[in-house]
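K.L.:
Show me how the following folds:
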Amino acid sequence: MPITLADGLVLRSLGEGYASDRDRLPDFYAMTNAEGEDEHVKEGVRLWIREFIYRHPTVTPDDLFVVVDPAQDEMIVSATLLIPQRWRYEDVLLKAGRPEMCGTHPDYRRRGLQRALFNAVHARSAALGHHLQGITGIPYFYRQFGYSMTFQLGYRAFFQLSALPEPSPEPPVYSLRHATSDDIADITRWNENFAVQRLVTDAYTPAELLYEITGRHPGYYPHTDYHIIVDAAGQGVGYIVLLDALYTPYRLRCEAFVVGTESNYLAAFEPVMQAVKQWAVARYGHCPAMLALGCGLHDTLEPLIAYSPGGSFPPVEDAWYLRVPDAAAFLLHIRPVLERRLRGSGAHGYSGDLRIGFYDHSGLELRFQRGQLISVDSLNYTDGYDVQFPWHSFLNVVFGSHSVEDLHAVLPDVWPNGKAVALLNILFPKRKSWLNGLA
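P.N.:
Residues are numbered from 1 along each chain as shown. Take a look at the predicted model:
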């Protein structure tokens with residue numbers, strides 16, 4: 001149902017059925033989210049928004065929200081959308097919502113329109129049964145809506161493609177071919193095999209993978225280009241995902257490099273890099289200087305990149321902002337993981353509680369009996385906690401990016417006692433994640 005805001009502005013979803021909203025939204029985003037960019041970048045944004053409106057496997061008209069000004073012929077003045085998707089926390093499936101494409105017309109900024117849109121997005125996400133929301137983009141900005149920075153996002157390593165030696169005249173041990181819908185089962189299996197080594201990972205459905213591989217418009221940016229790594233006998237052993245953008249061909253980006261049990265990373269690395277270089281030369285007419293590889297790399301790839309000419313690991317300065325609207329429900333949902341971590345640990349068979357406070361007269365009490373998490377209850381008092389976390393920083397621990405000692409070193413008001421440190425380090429060990437997110 002449309003919501004009337006201040007100054008007569010109206011917030012509504014595309015599901016309300018206004019044809020003008022659907023027709024104008026691509027140009028609105030090209031104006032606000034590609035401001036100052038060349039026309040081909042703006043056209044890429046328009047294509048991306050049309051994907052969301054007409055073709056995306058999870059986004060419906062009820063997931064796209066706009067604010068319009070009736071006094072200006074229903075002009076769109078602000079917009080945000082939600083991308084429903086599935087993630088994993090180790091082996092526990094999570095329903096997640098990803099807010100994206102936040103934009104406001106310059107003449108309508110600083111009126112709280114994005115806050116109103118985020119309220120609508122969060123309500124929609126709750127109605128869909130999502131356990132959490134995750135967003136990328138403007139540093140700090142989303143904290144005001146209850147989000148906290150967690151695990152890494154962006155590019156972990158750079159490999160100098162131009163420094164590769166000339167390929168051997170012998171047939172390559174491994175090569176690349178474009179993925180097809182017939183590869184979905186193998187890609188799913190390879191993903192699941194790698195996911196056990198990471199904390200939070202994507203859990204694409206077959207329909208989502210089909211869209212990722214074959215569904216996107218070729219002019220959409222960023223366009224995912226899936227390639228299967230095949231051995232000399234033509235058998236697939238893994239896959240690699242490149243972000244293909246003809247107008248940024250000088251630094252090629254790699255979102256995934258996954259090798260299954262049919263082979264190994266040590267054997268596949270250099271042949272795959274040679275194949276990527278050959279593909280890029282054929283695609284762009286020259287060799288991009290660098291290949292940027294995303295966070296979540298398999299550990300074996302790191303030394304292979306680090307000790308190659310020009311290989312580097314610059315600091316990763318970006319991270320996923322996550323929001324968990326019901327922390328108690330979330331902890332109960334991931335209970336199988338927490339109980340598994342207790343088994344065989346220094347708190348094996350633990351019976352007792354753990355009280356976690358948030359400095360706002362709220363907190364949680366986790367109660368354990370013989371190593372089983374039997375309840376998570378909300379608390380509403382100021383004292384008596386085993387640990388206190390300000391500013392949603394508890395999520396940094398839950399999602400494995402920092403230990404409680406890490407946070408205490410820079411935020412003395414992250415105050416734990418010994419029991420809290422011991423239990424939190426067992427229940428929430430530091431661990432890498434690998435999450436690209438469905439877009």
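K.L.:
Correct me if wrong: residue 349 contacts residue 372.
P.N.:
No - look at residue 349 against residue 372 with CB atoms under 8 Å: they stay out of range, at 9.3 Å. (C-beta placed from N, C-alpha, C; glycine too.)
K.L.:
Report the beta-bridge partners for residue 177.
P.N.:
Here residue 177 sits in beta bridges with residue 228, going by DSSP bridges.
K.L.:
which residues touch the residue nearest to residue 275 when sequence neighbours are not counted?
P.N.:
Using CB to CB, 6 or more residues apart in numbering and skipping residues adjacent in sequence, the residue nearest residue 275 is residue 176, 4.3 Å away. Residues near residue 176 by CB atoms under 8 Å, 6 or more residues apart in numbering: 227-230, 240, 272, 275-276, 279.
K.L.:
Could you dump those residues into a markdown table and include pLDDT and neighbour count?
P.N.:
Compiled in a markdown table, these are given as follows (pLDDT from 0 to 100; neighbours: other CB atoms under 10 Å):
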| residue | pLDDT | neighbour count |
| --- | --- | --- |
| 227 | 97 | 21 |
| 228 | 98 | 22 |
| 229 | 98 | 25 |
| 230 | 98 | 18 |
| 240 | 97 | 24 |
| 272 | 97 | 24 |
| 275 | 96 | 21 |
| 276 | 95 | 23 |
| 279 | 92 | 19 |
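K.L.:
Could you give the number of residues near residue 298?
P.N.:
19 (other CB atoms under 10 Å).
K.L.:
and what of residue 205?
P.N.:
Neighbour count for residue 205, taken as other CB under 10 Å: 15.
K.L.:
For it, give its distance to residue 95.
P.N.:
According to CB to CB, to the nearest Å, residue 205 and residue 95 sit 12 Å apart.
K.L.:
joint contacts of these two?
P.N.:
The contact sets of residue 205 and residue 95 overlap at residue 86 (CB under 8 Å, 6+ apart).
K.L.:
thinking again about what came up before, and the pLDDT at the residue nearest to residue 275?
P.N.:
Each residue has a pLDDT score; the one for residue 176 is 97.
K.L.:
Then the one 5 residues further on?
P.N.:
At residue 181, the pLDDT value in this model is 97.
K.L.:
tell me the secondary structure for the nearest residue to it once chain neighbours are set aside?
P.N.:
The shortest distance from residue 181 to any non-neighbouring residue, by CB to CB, 6+ apart, is to residue 210 (5.6 Å). State at residue 210, reduced to three classes by DSSP: H, G, I helix; E, B strand; the rest coil: helix.
K.L.:
what number of residues lie near residue 210?
P.N.:
15.
K.L.:
Now do the contacts for it.
P.N.:
Applying CB under 8 Å, 6+ apart, the residues near residue 210 are 57, 181, 184.
K.L.:
Noted, bye for now.
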